[in-house]
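**Student:** Next come a sequence and a model predicted from it.
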Amino acid sequence: MYCQNHDDVGCGTCMAIDHRLCKDIFYLPEFLQINTCNTATREIQQKLDLVAKALTEHQEKFKRERERLLQSKTATLKNIKNFRKEINDRLDELEKNTVSDIEDKCKAFINETEESIRILETSKSSVKSARDKLASTGDNKLQNFVNIKKGKNIAGNAAKSVKASQLQTPFKDIDFTADHRLASLLEEINVFGKLEQMKVMRSENVGTVNICKNESLLQVKGSTQCSVKVRSDNRVCKIISACTLVDGTIILSNQYNKKLKRLDSSTYTVIDYCHLPGEPWQVCSINKQQAAVSLQAKREVQFISLSSKMALTNKMKTGFECRGLSYADGNLYISDYCLSVYTYSLSGEKLKQFSKDQSGQKLFSDIRSLAVSEDGSNIYVADRNNGLIILDNNGTVVGRFNGSQLEGAKGCYLTGRGSLLVCGCDSDNVLQFRLNGNLIGEVVKFDDIFASYQAICCNQQMSKMIIGTDRNEIEVYDLI
């Protein structure tokens, strides 16, 4: 049977079921007697060939995708293993530090105890000698008188030794109380980290998709203030820059007190700090062993070792006042006060310098901070007078924002999720931008208009936003 309405063939049963409402149904031999077939066999064959080719191509595509996914799985599992090793190494380091502390304290207590034993032993020996002399004097009144007087002095000194030793009691002991924050954290989490399913950009689609699914406006639900002042600070703590280290801790650039301060990632209290030879500006992470900070007046970049205690290592002289500083793709990106952004190798070789736009106009006026994409393709410059300026790695301006919503651009921070945060000192806010410079919206409006807000970064989980002030404290915002 043939259904002319649907241009389909089938047996009588199929027609009765699937085409019962169709009017133009014919017995196929009769239909062919009065109609000729208009569709050539060659044309149908070509369609079938094209469809077969498309099916094969898509099948191969999904096979390649399966292989890529398996490779991705292998790489991800390797990363988990490496992360576990880092945790083990850190735990070994914590154990070593704890054991070392115990050894040092125990050694001090033992030395103190042994000194008391030595003093008492000396007194005991003197008392025994005095008693023996008294017992052996006999009838010699002169010698007996001398021994009695000496014995009296020895007994007095020995009594003082006993009294002094009594004042040292109760005896010291060493006990260990575990830091329950670690155990609490382990109880709270079920996995090592967040597993995200990401869309892979195909080469044929690159440039057509520029909005990340995580680019929606960040929301804050509250904030806390944490003091970052330490006993040796002589001046107010003006936090001018902040960055997140590989281990999750936060490092702050304390300008007036010439220090870098390292914060615990959960309590945001100062756990370590180091003195600098000059006032610092922007600080950035290079890897898990090293960070760097720009020293404007010293005209240099100072490198910092990130062991259990931060320590100054080598430095890089630039010949200009260093302000903005960022690290990406093996290079350092450094800005001067108001003229240029430079690219340097870690060995100190100047690679590039960007000062003017395509029309020959000056790009910058008052550079406050830099942020650079992980592959070094885009450079984000926060300029207090000119707002946000985005350059590619050839110095071409690819984006700008200098609207009234952003006044006095200072700190900038790439979230790693397809957006950029910029702190407006004069507009008293934090704005969120897409990577092309388009404004997403205002994340937070600060209440204290008299405070200076400049430093900005987020924790690794993007659940906290840290803002530095000039009031001896930082503000930690909870992000939704």
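**Tutor:** On my side now, so go ahead.
**Student:** At the geometric centre of this structure, which residue do we find?
**Tutor:** In the chain, the centroid-proximal residue (CA atoms, centre = their mean) is Thr244; its distance is 2.9 Å.
**Student:** Okay, that residue and Ala409: tell me how far apart.
**Tutor:** Separation of Thr244 from Ala409 (CB to CB, to the nearest Å): 21 Å. Bear in mind the C-beta positions are built from the backbone N, C-alpha and C, glycine included.
**Student:** Report the helix or strand with the lowest average pLDDT across the chain.
**Tutor:** When the helices and strands of the chain are scored by mean pLDDT, DSSP states H and E, helix 180-188 comes last with a mean of 75.
**Student:** continuing past it, what's the next helix or strand?
**Tutor:** strand 220-227 (DSSP states H and E).
**Student:** Packing partners of the helix or strand just after that following strand?
**Tutor:** Going down the chain from strand 220-227, the next helix or strand is strand 239-244, by DSSP H and E. Packed against strand 239-244, as judged by 3 or more CB pairs under 8 Å, 6 or more residues apart in numbering; DSSP states H and E, are the following elements: strand 250-254, strand 280-287, strand 456-458, strand 464-468.
**Student:** State the mean pLDDT of the helix or strand following the second one.
**Tutor:** Next along the chain after strand 280-287, taking DSSP H and E as the criterion, comes strand 290-295. Here strand 290-295 scores 96 as its mean pLDDT.
**Student:** Please work out which residues outside strand 290-295 touch it.
**Tutor:** 241, 243, 245, 251, 253, 260, 276-286, 300-306, 310, 313, 322-325, 327, 332, 334 (CB atoms under 8 Å, 6 or more residues apart in numbering).
**Student:** Does the residue of the chain most remote from its centre lie in a helix or a strand, and which?
**Tutor:** Outermost residue of the chain with respect to the C-alpha centroid, by CA atoms, centre = their mean, is Asp139; its distance is 88.3 Å. Using DSSP H and E, Asp139 is not contained in any helix or strand.
**Student:** Use 594 as the first number for this chain going forward.
**Tutor:** All set: I'll call the first residue 594, so the last point we hit is now Asp732.
**Student:** Could you tell me how far it is located from Ile1060?
**Tutor:** 93 Å.
**Student:** Quick check: longest helix in this structure by residues?
**Tutor:** The residue-count maximum for a helix in the chain (DSSP state H) belongs to helix 634-728.
**Student:** what's the angle from it to helix 773-781?
**Tutor:** Here helix 634-728 runs at an angle of 150 degrees relative to helix 773-781 (axes from the mean of the first three to the mean of the last three CA atoms, to 10 degrees).
**Student:** distance between helix 634-728 and the chain's centre?
**Tutor:** From the chain centre to the centre of helix 634-728 is a distance of 18 Å (CA atoms, centre = their mean, to the nearest Å).
**Student:** Please apply the same query to stretch 980-1000.
**Tutor:** The answer for stretch 980-1000 is 25 Å, by CA atoms, centre = their mean.
**Student:** quick one: contacts of it?
**Tutor:** 934, 936, 945, 947, 950-951, 956-957, 969-976, 979, 1002, 1005, 1013, 1015, 1017-1020, 1022, 1024, 1026, 1028-1032, 1035.
**Student:** If any of the residues you listed are buried, put those into a ChimeraX selection.
**Tutor:** Buried members of those can be picked out in ChimeraX with the line below, counting by 16 or more other CB atoms under 10 Å:
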select :934,936,947,950,956,957,969,971,972,973,974,975,976,979,1002,1005,1013,1015,1017,1018,1020,1022,1024,1026,1028,1030,1032,1035
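**Student:** Which members of the contacts of stretch 980-1000 occur in strands, if any?
**Tutor:** Among those, the members found in strands (DSSP state E) are 934, 936, 945, 947, 971-976, 1002, 1005, 1013, 1015, 1017, 1022, 1024, 1026, 1032, 1035.
**Student:** tell me the domain ranges of this structure?
**Tutor:** Domain ranges of the chain: 595-627, 690-762, 811-1072, per automatic domain parsing.
**Student:** just for the stretch 594-743 of the chain, where's the confidence low?
**Tutor:** Filtered on pLDDT under 70, the stretch 594-743 of the chain yields the residue ranges 629-633.
**Student:** Return a ChimeraX selection command for the buried portion of the contacts of strand 883-888.
**Tutor:** To isolate the buried members of those in ChimeraX, using 16+ other CB under 10 Å:
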select :834,836,838,844,846,853,869,871,872,873,874,875,876,877,878,879,893,894,895,896,897,899,903,915,916,917,918,920,925,927
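**Student:** tell me what the longest helix of the chain is packed against?
**Tutor:** The helices and strands touching helix 634-728, judged by 3+ CB pairs under 8 Å, 6+ apart, are helix 734-760.
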